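A.B. asks: Sharing a sequence plus its predicted fold:
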Amino acid sequence: MADLKVKKVKDFSAELTVPGDKSISHRALLFAALSNGPCEITGFLASEDCLATMQALAAMGVEIENLGAGGTHIRVHGNRGDFQDPGKPIDCGNSGTTMRLLAGILATKPFEVTLTGDESLSKRPMNRVAIPLERMGARIKGQGDRCTPPLKILGKEKLKAIHYDSPVASAQVKSAILLAGLAAEGKTSVSEPNPSRDHTERMLNYLLVKNIREGKTVSIWGGQTPESRDIQIPGDISSAAFWIVAAAARKGARLMIHQVGLNPTRIGILNVMTRMGAKITERIDNSGCEPMGSVEVVGNGLVATEIGGAEIPTLIDEIPVLAVAAALAEGKTVIKDAQELRVKESDRISTVAENLRRMGVTVDEFADGMEITGGATLKGAEIHSLGDHRIAMAFAIAGLFAEGETLIKGVECIETSYPGFIRELEQLQAMSR
Ligand code: S3P
């Protein structure tokens, strides 16, 4: 198990870009493969999670070329979704997005495939996609009541169009149903309690696939083939979030991030940090498939806030680092309506609470969130990532503010979403000392 030592820094100033957006990279691969020709993708996130999706497509006969730039420039040869039986299980690694979105596509293929995952993914519920996909006519078998992986999928070329009221605001569920809906007869729609990230809908529009949003419902018509087009992927705001918090929590710090995704369904972190006292300026430079631009953060010290309701899906992956921001803010921050955190790569409510306590922070844990008492000096401690990339990175940021040394145990998981994070952190530490 690899460890990372982090020490307190005195100041913080940086200008950087972050690797490509993970959610958009998965979708770019999948939609390009379903399209009717070659699609060049730039800014692709060549991290373990997205490579799991890439290898899955390759195993089903999709041709993908590496055009350079460290694997961030690729060409996918769309074959209208004419995928071959891989003949062996597909390993989705740590990636929930790979498994759930692939389940939506495999529901439309007339062969049986088993999807497997690592220890963490093998504990995550797949019934949230199995239930609607079975209603559409696919046969899906997982383990136990929560339908955990391995997941055996036997699809059908002609699925039944359905309307599905999803009990969770989940872009993975919504996307799996819309992907299956592409092969169903007629109109398939899905409603969610609050809007989740809309990358799938934007990519469908960009590749000229008719879909509509009416309130909290998105609908798609079956029988369409995405039009092949080149796709530019912005930097991942969820990766930028670590540096945004590092700058926002330090008076006088300045951070400039370029070419980062500014999709309104993903920028909850910017709204919360502004509420907590940071000065944040966003500028959209370009809107292709997705809006992208720059974010400037001027740190001003933080005050507590409340985070909940419809805001949660817009910052769900940023909650570990927002909890670190809360520990550094004056007052008590409450995070609620975030029970989804219990079924992420780790149970992020208990992993965050436990690691914050190790650093001397008072945290009250609830079923759907936590209350964090901020303002005490953080103490360097031994932190356990539990194999969860966002926990490892969030607590590396906490280490920049802690007295003494912070030792993060198990940092190899960072490769799932942010190759280069440790290098960036070490450079920032070297400059700021
Ligand atoms: C993702 C959606 C979110 C997010 C995950 C990526 C996606 O999960 O937490 O990291 O790419 O659709 P849910 O849709 O399950 O909330």
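C.D. replies: It's in.

A.B. asks: partners of the nearest residue to residue 295 once chain neighbours are set aside in the sheet?
C.D. replies: Excluding its sequence neighbours, the residue lying closest to residue 295 (Cβ to Cβ, 6 or more residues apart in numbering) is residue 257, at 4.8 Å. Placement of C-beta: from N, CA and C, glycine included. Beta bridges link residue 257 to residue 16, residue 295 when assigned by DSSP bridges.

A.B. asks: for the ligand, what are the nearby residues on the stretch 151-300 of the chain?
C.D. replies: Residues of the stretch 151-300 of the chain lying close to the ligand by Cβ under 6 Å from any ligand atom are 170, 171, 172, 175, 196, 197.

A.B. asks: So which of those sit within helices?
C.D. replies: Among those, the residues falling in helices (DSSP state H) are 171, 172, 175.

A.B. asks: how about these in a markdown table, adding pLDDT, neighbour count and distance to residue 326?
C.D. replies: Shown next, in a markdown table, are these (pLDDT from 0 to 100; neighbours: other Cβ atoms under 10 Å; distance: Cβ to Cβ, whole Å):
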| residue | pLDDT | neighbour count | distance to residue 326 |
| --- | --- | --- | --- |
| 171 | 98 | 24 | 25 |
| 172 | 98 | 23 | 26 |
| 175 | 98 | 30 | 30 |
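
A.B. asks: Which one of these is nearest to residue 37?
C.D. replies: Distances from residue 37 to those, taken as Cβ to Cβ, are shortest for residue 175 (22.2 Å).

A.B. asks: still on that earlier bit, of the ones in helices among the residues of the stretch 151-300 of the chain next to the ligand, which is the nearest to residue 411?
C.D. replies: Nearest to residue 411, judged by Cβ to Cβ, of these is residue 172 at 25.4 Å.

A.B. asks: Give me the nearest residue to that closest one, chain neighbours excluded.
C.D. replies: Closest to residue 172 by Cβ to Cβ, 6+ apart is residue 100, at 4.0 Å.

A.B. asks: coming back round to it: state the number of residues packed around the residue nearest to residue 295.
C.D. replies: Neighbours of residue 257 under the rule other Cβ atoms under 10 Å: 24.

A.B. asks: do the same with residue 150
C.D. replies: 18.

A.B. asks: Could you check how many residues crowd around residue 111?
C.D. replies: Neighbours of residue 111 (other Cβ under 10 Å): 14.

A.B. asks: Distance-wise, check it relative to residue 154.
C.D. replies: 8 Å (Cβ to Cβ, to the nearest Å).

A.B. asks: and what of residue 349?
C.D. replies: 35 Å.

A.B. asks: So which of those two has more stuff around it?
C.D. replies: More neighbours surround residue 349 than the other of residue 349 and residue 154, with 25 against 15 (other Cβ under 10 Å).

A.B. asks: can you pull out the strands in the stretch 301-433 of the chain?
C.D. replies: 306-307, 331-335, 362-366, 369-374, 382-384, 406-409 (DSSP state E, counting those that start in this stretch).

A.B. asks: would you list the ones you listed in JSON lines and tack on mean neighbour count and mean pLDDT?
C.D. replies: Output for the strands of the stretch 301-433 of the chain, formatted as JSON lines (neighbours: other Cβ atoms under 10 Å; pLDDT from 0 to 100):
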{"stretch": "strand 306-307", "mean neighbour count": "20", "mean pLDDT": "98"}
{"stretch": "strand 331-335", "mean neighbour count": "19", "mean pLDDT": "98"}
{"stretch": "strand 362-366", "mean neighbour count": "15", "mean pLDDT": "98"}
{"stretch": "strand 369-374", "mean neighbour count": "22", "mean pLDDT": "98"}
{"stretch": "strand 382-384", "mean neighbour count": "21", "mean pLDDT": "98"}
{"stretch": "strand 406-409", "mean neighbour count": "21", "mean pLDDT": "98"}
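
A.B. asks: a markdown table please, covering these and showing distance to residue 236.
C.D. replies: What follows is those, written out as a markdown table (distance: least, Cβ to Cβ, whole Å):
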| stretch | distance to residue 236 |
| --- | --- |
| strand 306-307 | 20 |
| strand 331-335 | 22 |
| strand 362-366 | 27 |
| strand 369-374 | 24 |
| strand 382-384 | 22 |
| strand 406-409 | 20 |
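
A.B. asks: pLDDT weak spots in this protein?
C.D. replies: For the chain, applying pLDDT under 70 flags the ranges 433.

A.B. asks: tell me the domain boundaries of it?
C.D. replies: Segmentation of the chain into domains, based on automatic domain parsing, reads 3-20+234-431, 22-232.
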